[in-house]
Structures are given as structure tokens and as C-alpha cells.
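Undergrad: Return atomic coordinates for the entry below.
(2 chains)
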Amino acid sequence: MVNIRVEELAVRLGRHAAVSDVTIDLMPGQLVGIIGPNGAGKSTLIRAMLGLVKPASGGVWIDGASMASLSRRELARRIAYLPQGQTLHWPLLVERLAALGRMPHLGPLSRLSADDEALVDAALARADVLHLKGRIATELSGGERARVLLARALAVGAPALIADEPLAALDPGHQIDVMDLLKAEARAGSLVLTVLHDLGMAARYCDRLLLMDKGRLVADGAPMEGLTEQSLAQVYGISACIDPDGDWPLILPTGRIKG
Amino acid sequence: MRARRHPLLLPILIGLTFVAALGSIALGAVALSPARILAVFAGGGDEVARAIVIDLRLPRMLLGLIVGAMLGLAGASLQGYLRNPLAEPSVLGASNAAALGAVGAIYFGLSQLHPVILPALAIMSSLIAIAVLFMLAGPSESPLTLILAGIAVGTLAGAGISLSLNLSPNPFAAMEIMSWLMGSLENRSYAHVWIALPCVIVGAALLMADGRTLDALTLGEEGAQALGADLSMTRLRIMLGVAIGVGGAVAVSGAIGFVGLIVPHLVRPLTDRSPSAILLPSLLGGAALLTLADIGVRLIPTSNELKLGVLTAILGVPVFLVHLMRERRLW
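TA: Below you'll find the model as predicted:
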């Protein structure tokens, strides 16, 4: 169990204010989505939560401890991170790749224990890629590779998981698989935070949505609270058909608002 | 494609290194029978055999192993760190800077004052090059800035060497400077071994420490950091390791190219291809390859002994091209 508190956070990238005055409390057991247009500061916000960029003011507290007081390894054991994109620099075996997730738990020269290997296998099984164990990760299809990388993040065994656009480049079937998996992780007590671009998926799966625009948090609450015709027009500059009352909440972007 | 480490890889490399070391003792310009060599190691033997084996071939063999091991390991470590299969010590300008230090010592006649001055200057200028690199690359951990800064530093050092050739007071000095540029293990003594060995041990220890971080870098820099890797410490260790280790190696052998580039490529297909898995095999493979190449320059009958760097390049390029075509599935 872990909770993350972001308080009056501001991050500057060069001269550009990427995130301004964001305050959020994240609790275990919830699947939280971050949505917003490109360049709204979503990725910068989660990078600040992982200590990858320094705040200009405000800060991030993990279980009440400030980010600066935690070592990289301590942080890595509490929050697993699935970065955006699928670039792999070397053609590693799937099992070797997933085993990287155990790194925060290992001493500098120690080897994987039987327990570590069991955890890696369990993570591969949860992401439904155990059968790919002996394959080379760079030779997999996009959907397979995305799930292997997700298994790598699960193998950390951290109480929190932060995923940056895990659905990019996935077909609808694999998108549903990944969202089901993230939901199951949250139901099992993890804190799961994910950046999404598919508003429909975000509305259907997330327990809570954070809507960002120009570095600021403009809505924070139950999915359909923040996703209104007004907010979509204002933030994304689109008109949308929204039906919150059916079996599935429906959000269909219909056009661009000129001006 | 083989995906796991070949079970015989390490035994084969160790065997190959051993064979190369034996060959380096047994073979040379003067033919010595195995019986005479054995007699020397048994504590006896005739004067001539003793002088050749103990004073000439043994230090040369040791230097081949030490320098080759360092170059192979440095290449493997830099390829992993920079995530670039073309990386080798000269990419960071370390070899060129060390060679410039050595050449400077010769050019200004400092090397004649004391035998330690030349290697000391080589290591120092390699350290200076790495320090300049730090300043140029700034706080960013991006490998691209490092490569660009390294090329700038390396080119500047190369220009300095060319300048000293250009202005060289006499043809003999120019010849000597040239031999540092092409690398050689000719006429080396135990003094050279004692200079290179500590540097290479320190350098190799620094480079071997970060295998797991190199693996994590497969996921990119932020992926590695989110796994708890401290990349600025890794960068510091790798730069110091290269500066001290390669600086020490170049100080006794001159700049020997291609070993650091090729050896990791030769061993990689026999491992699981993760950066950490090629570190030790590259160290062993580098030691074996350079020692074998050094036997080659002694046995090839030319009026002047071939420079080691020339042979490694002539042998290295075809091997590298064949390997490249296989990797690209063109073969």
C-alpha cells in the first residue's frame, strides 16, 4: 500500500512552465486516469512523481516522505513505471527483459533468486505472455511487446504502477486486455495511474479522472463529472456526443471547434 | 538465432587466451625449441634463451593480454552505455587524447628525462579529455551529447598529433611519434607492465561494476532510472574507468584500433545479447585477440616489424564486414 501526494507542484522545462500548481492525493486501490491534449503536461506530471524531473516549486510526497529524502532504489521499489513508447535498445530475451523489473530488489552483483524468478513468471502470466518467455523481445509484434513491457513493470512488485500511454499502437482487443489488467491491479490494492488518450476507455475503466490543460489540473473526480461538452470544447477544442446513461458511458468526438 | 549464453563460451575464451599466451612465449623472430623454453621456466636454460623468454617475450605476452583485455572490455562497456554498436574507446576521445599525451612527451623530449613521464602524460591527458567531455556534455545524461563532445575532443587531439608530426624536428622523432599512433608491443619491458597493470585493474573494476545498469538502459534512460539506476554515478564510473584503463593501456602500447570495436561484436552472438553478458567475454576475447595479433606481427616476415594497430585493422575490417552482413541477414 502506498499513497502519493502532489502538492502545489510546478515544473519548468527550460523556460516553459510544463506543470503549474497541481495538487492531487492518490490512494491505493484506485485506477486513476490522466487525460488532456498533447502538451498539457501529463507526462511531465508523472515524471515528477517518479523523481525524473525536479520541481520548480511544491513537491511530491510518497507515504508522507518527501521525494528528495528517498533514494532512487527506494523509490523504484515503491513505484513501477511503464514509459511511453516501446523502444528497446538491445534484442533481449523476453524473460531477461521482464527480469529487469527485479533490479530495484537486487544487490549490485547478486543473481536472481528462485523467488525472483517465480515473481517474474507470475508477472509474465498476468500479462498473458508467459508463452513468449523464450522469444526475443524486439522480434515480437507491437501488441505482444507492449504486454511484455507491462509484465516487466509488474515484475517490480511495487505497490504503485504508473503507465504512460500504455494503449498506444494497440488494437482494440489488446487495449481491452491492458485496461482489464490495470483494473485488476487496482482491485488487488495497487495504486494505478495511467495517461490515456482514448476518452471512452478512460471513462469506462477509470475510477477517477484527472483532466489537464496547459499544465494545470482543470478537473478531478469521477469520470463523467469532468467529461462534459463544455470541458471538452474548452480543453480539446472539440465538440462531442456524450451519453453517460447507457450500459457503457459513451464519448464520441464529433468535430473540431474552429476559432 | 541463439538466445542464451553458449555453455562453452567462457571455457573456450579462457582456453584461447591460454593458447595465445603460450604461443606468445613460444613463437618469435628467433626459433627456440620447446625444450629450451621449458628449461628456462624450470629455472635453468642457456643465457640466450633466458634473455629472450624472460626479458623479451614474457613482458610482451603480459602486455598483449593486459592491453587487449582493457580494450575489449572498454568497447563492450561503452557499446552498452551509449546503446550504440559502433562505440569504442576512441569515440569518447580517450585513446586519441592518451596518444597525444604520449606524443607530446616525445616531441618535447620529456620522455627522455624519466621513463615514467610518457605514460603519466598519456593517462593525464586522457583524464583531462574526459574532464573536458564532462564540461561540454553538461549535466545531461544523454549519450548523444557525450558522443558529439567525444568526437570534438578526439578530433582536437588528433589534430594536435598531426601538428606535432608536421613540426617534428627530425625524421626519427616523426618515426617514433608515428609508432605511437599505430600501436606496437615491440621492445617492451616489465616497467611497462607495471605501468599498465594497475591502471587496467582499476579501469576494469570500474567498468565491470555497472553491468546491471547497462541492461536496464535497454529500456531507455528514464526506464533505467525508474528501476533505481543512478545514471550520473554510472557515467562517472564509466568515464573514469575508460580514462584510467585505456589511458594506461595506450600509454604502453600506443593507440591500437578496432579491438574494442570488434571483440564485443564477435562474442555477442554467443551470449543472450544483454550488455552485461558481454563484459567478461569481451575482456577475455580482447586479451586473446590482441595477443594472437601480436604473434602475427612477429611471424610475418617484413623488413620492419609490422605495427600492431595496422594488423588489427587489416584483420579486423574484413571480420567486421562479414559479421555485419550476417547480422543484417545478407550472408
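Undergrad: So for the most centrally placed residue in chain B, what's the pLDDT?
TA: Among the residues of chain B, B:Leu71 comes closest to the average C-alpha position under Cα atoms, centre = their mean, at 2.5 Å. Per-residue pLDDT puts B:Leu71 at 95.
Undergrad: pretty sure it is in a strand, no?
TA: No. Using DSSP: H, G, I helix; E, B strand; the rest coil, the assignment for B:Leu71 is helix, not a strand.
Undergrad: gap between it and A:Ile24?
TA: Computed as Cβ to Cβ, to the nearest Å, the B:Leu71 to A:Ile24 distance reads 51 Å. Backbone N, C-alpha and C define where each C-beta goes, glycine included.
Undergrad: Also B:Val319?
TA: For B:Val319, the distance to A:Ile24 - Cβ to Cβ - is 57 Å.
Undergrad: same thing with B:Leu78?
TA: Distance from B:Leu78 to A:Ile24, by Cβ to Cβ: 41 Å.
Undergrad: ok, the residue nearest to the centre of chain B touching B:Gly257?
TA: No. Taking contacts as Cβ atoms under 8 Å, B:Leu71 lies outside contact range of B:Gly257: 9.0 Å.
Undergrad: Report the set of residues contacting both of those two.
TA: Residues touching both B:Leu71 and B:Gly257 (Cβ atoms under 8 Å, 6 or more residues apart in numbering or on different chains): B:Glu88.
Undergrad: what comes up buried for whichever strand or helix holds B:Leu136?
TA: Using DSSP states H and E, the element containing B:Leu136 is helix B:117-137. By 16 or more other Cβ atoms under 10 Å in any protein chain shown, the buried positions in helix B:117-137 come out as B:117-130, B:132-133, B:137.
Undergrad: For it, give the mean pLDDT please.
TA: In this model, helix B:117-137 has a mean pLDDT of 84.
Undergrad: following it, which helix or strand comes up?
TA: Immediately after helix B:117-137, counting by DSSP H and E, sits helix B:143-166.
Undergrad: now that next one: mean pLDDT?
TA: 84.
Undergrad: Restricting to C-alpha, output it in PDB.
TA: C-alpha atoms of helix B:143-166 as PDB (Å, rounded to 0.1, in the frame of the first residue of the first chain):
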ATOM      1  CA  PRO B 143      24.600   9.600 -24.800                       C
ATOM      2  CA  LEU B 144      24.300  11.700 -27.900                       C
ATOM      3  CA  THR B 145      25.800  14.800 -26.300                       C
ATOM      4  CA  LEU B 146      28.600  12.600 -25.000                       C
ATOM      5  CA  ILE B 147      29.300  11.100 -28.400                       C
ATOM      6  CA  LEU B 148      29.300  14.600 -30.100                       C
ATOM      7  CA  ALA B 149      31.500  16.000 -27.300                       C
ATOM      8  CA  GLY B 150      33.800  13.000 -27.600                       C
ATOM      9  CA  ILE B 151      34.200  13.400 -31.300                       C
ATOM     10  CA  ALA B 152      35.100  17.000 -30.800                       C
ATOM     11  CA  VAL B 153      37.700  16.200 -28.100                       C
ATOM     12  CA  GLY B 154      39.100  13.200 -30.200                       C
ATOM     13  CA  THR B 155      39.400  15.300 -33.300                       C
ATOM     14  CA  LEU B 156      41.200  18.100 -31.500                       C
ATOM     15  CA  ALA B 157      43.600  15.500 -30.000                       C
ATOM     16  CA  GLY B 158      44.100  14.000 -33.500                       C
ATOM     17  CA  ALA B 159      44.900  17.500 -34.900                       C
ATOM     18  CA  GLY B 160      47.400  18.000 -32.100                       C
ATOM     19  CA  ILE B 161      49.200  14.700 -33.000                       C
ATOM     20  CA  SER B 162      49.200  15.700 -36.700                       C
ATOM     21  CA  LEU B 163      50.600  19.100 -35.800                       C
ATOM     22  CA  SER B 164      53.500  17.500 -33.900                       C
ATOM     23  CA  LEU B 165      54.200  15.200 -36.900                       C
ATOM     24  CA  ASN B 166      54.100  18.300 -39.100                       C
END
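Undergrad: hmm, that helix touching chain A?
TA: No. Using Cβ under 8 Å from any Cβ of the partner chain, helix B:143-166 stays clear of chain A, with a minimum separation of 9.9 Å.
Undergrad: That helix: which residues count as buried?
TA: Neighbour-count burial for helix B:143-166 [16+ other Cβ under 10 Å]: B:143, B:146-147, B:149-150, B:153-154, B:157-158, B:160-161, B:164.
Undergrad: tell me the secondary structure for B:Ala31?
TA: Applying three-state DSSP: B:Ala31 is coil.
Undergrad: how near is it to chain A?
TA: Distance of B:Ala31 to chain A, computed by Cβ to the nearest Cβ, to the nearest Å: 46 Å.
Undergrad: Could you count how many residues lie near that residue?
TA: Using other Cβ atoms under 10 Å in any protein chain shown, B:Ala31 has 8 neighbouring residues.
Undergrad: Look at it and report its pLDDT.
TA: With respect to pLDDT, B:Ala31 has a value of 80.
Undergrad: show me the contacts for the closest residue to B:Ser274 other than its chain neighbours.
TA: In space, and not counting its chain neighbours, B:Ser274 is closest to B:Asp215: 5.0 Å by Cβ to Cβ, 6 or more residues apart in numbering or on different chains. With Cβ under 8 Å, 6+ apart as the criterion, the residues that contact B:Asp215 are A:92, A:96, A:100, A:103, B:80, B:274-276.
Undergrad: Beyond the helix or strand harbouring B:Asp215, next helix or strand please.
TA: Counting by DSSP H and E, the element that carries B:Asp215 is helix B:211-216. Toward the C-terminal end, the helix or strand that comes next after helix B:211-216 (DSSP H and E) is helix B:221-226.
Undergrad: Only alpha carbons, please: show that following helix as PDB.
TA: Taking Å, rounded to 0.1, in the frame of the first residue of the first chain, the C-alpha atoms of helix B:221-226 are listed here in PDB:
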ATOM      1  CA  GLU B 221      17.300   6.400 -19.600                       C
ATOM      2  CA  GLU B 222      14.100   7.100 -17.800                       C
ATOM      3  CA  GLY B 223      13.200   3.400 -17.700                       C
ATOM      4  CA  ALA B 224      16.500   2.700 -16.100                       C
ATOM      5  CA  GLN B 225      16.300   5.500 -13.600                       C
ATOM      6  CA  ALA B 226      12.800   4.400 -12.600                       C
END
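Undergrad: which helices and strands sit right next to that helix?
TA: strand A:79-82, helix B:211-216, helix B:231-253 (3 or more Cβ pairs under 8 Å, 6 or more residues apart in numbering or on different chains; DSSP states H and E).
Undergrad: name the element the residue nearest the centre of chain A belongs to?
TA: By Cα atoms, centre = their mean, chain A has its centre lying nearest to A:Ala163, at 2.0 Å. Element membership for A:Ala163 (DSSP H and E) is strand A:160-164.
Undergrad: What strands line up against that strand, and which way round?
TA: Next to strand A:160-164 in the sheet, as set by DSSP bridges, lie strand A:79-82 (parallel), strand A:191-195 (parallel).
Undergrad: Toward the C-terminus, what is the element adjacent to that strand?
TA: Following strand A:160-164 toward the C-terminus (DSSP H and E): helix A:172-187.
Undergrad: can you pull the buried residues of that next one?
TA: Neighbour-count burial for helix A:172-187, counted by 16+ other Cβ under 10 Å, picks out A:174-175, A:177-179, A:181-183, A:185-186.
Undergrad: Looking at per-residue confidence, what score does residue 76 get?
TA: In the absence of a named chain, this looks at chain A. For A:Ala76, the predicted pLDDT is 94.
Undergrad: Chain B, not that one
TA: The model reports B:Ala76 with a pLDDT of 95.
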